[in-house]
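Trainee: Sequence plus predicted model, see below.
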Amino acid sequence: MARFAALRDRLAPGAELRQEVRPDWLARARAEGVAAVAEEVTAFIRAAGGPVICTCTTLGPVAEAAGAARVDRPMMQRAARFGGPVLLVYTLASTAEASAALLCEYTPDIRRLDLSPLWPLFETGRGADFAAAIAEGVRSELTRQPAAVVVLAQVSMSDASPLLAGCGVPVLSAPEAALRAGLGL
């Protein structure tokens, strides 16, 4: 929540931003499939009374079908403009297919990097370790096989972006591009 509030304060001070965090929806979607929460997500979005940006990549397809903007769509569109292979990095298996399907709308040239063993670092509040481990994994992958651009598929991964400065390719994360799109900036 603080991530988007800080971005709002920098990009559009005074803009109204209401955030609803529902870790229970992600937990159920991971355990039972996204369909298990589709009705609740849809009802929430339709009752919101204004623009909604779904910041959960796993729930993105359901949220978008209900009229919300996906946090990752602007990033995926931008990634495709670089040409060449896109390294799609994720730390939740439930994100992999949703992210890949969205990116495939813009480019077929995708390589995946599954860093899901790192997710427990995030869940246990070890954000700095999580970001550092992601950066290490991406750097290692780029030495094995180059890419034109790196996409950090989840909002939770965005703190790894500055740690990848100087890795030789652009590294994209979703929060700023999505908020700019949502605020019409």
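Mentor: Looks like it arrived, so ask away.

Trainee: hey, let's count contacts and neighbours off CA atoms from now on
Mentor: Will do.

Trainee: quick one: average pLDDT of the helix ranked longest in the chain?
Mentor: Taking DSSP state H as the assignment, the helix of the chain that covers the most residues is helix 127-144. Mean per-residue pLDDT for helix 127-144: 97.

Trainee: Going by neighbour count, which residues in that helix are buried?
Mentor: If you call a residue buried by 16 or more other Cα atoms under 10 Å, then helix 127-144 has these buried ones: G127, F130, A131, A132, A133, I134, A135, G137, V138, R139, L142.

Trainee: Check the spacing between the first one and A80 real quick.
Mentor: The one in question is G127. Distance, G127 to A80, using Cα to Cα, to the nearest Å: 28 Å.

Trainee: pLDDT wise, what is the residue lying closest to R111 once chain neighbours are set aside at?
Mentor: Excluding the flanking residues, the one nearest R111 by Cα to Cα, 6 or more residues apart in numbering is L87, at 4.9 Å. Model confidence at L87, expressed as pLDDT, equals 98.

Trainee: How about A31?
Mentor: 90.

Trainee: Next: L164.
Mentor: On the pLDDT scale, L164 gets 97.

Trainee: what do you get for Q154?
Mentor: Confidence score, pLDDT, at Q154: 90.

Trainee: That one: neighbouring residues, count only.
Mentor: Neighbour count of Q154, defined by other Cα atoms under 10 Å: 23.
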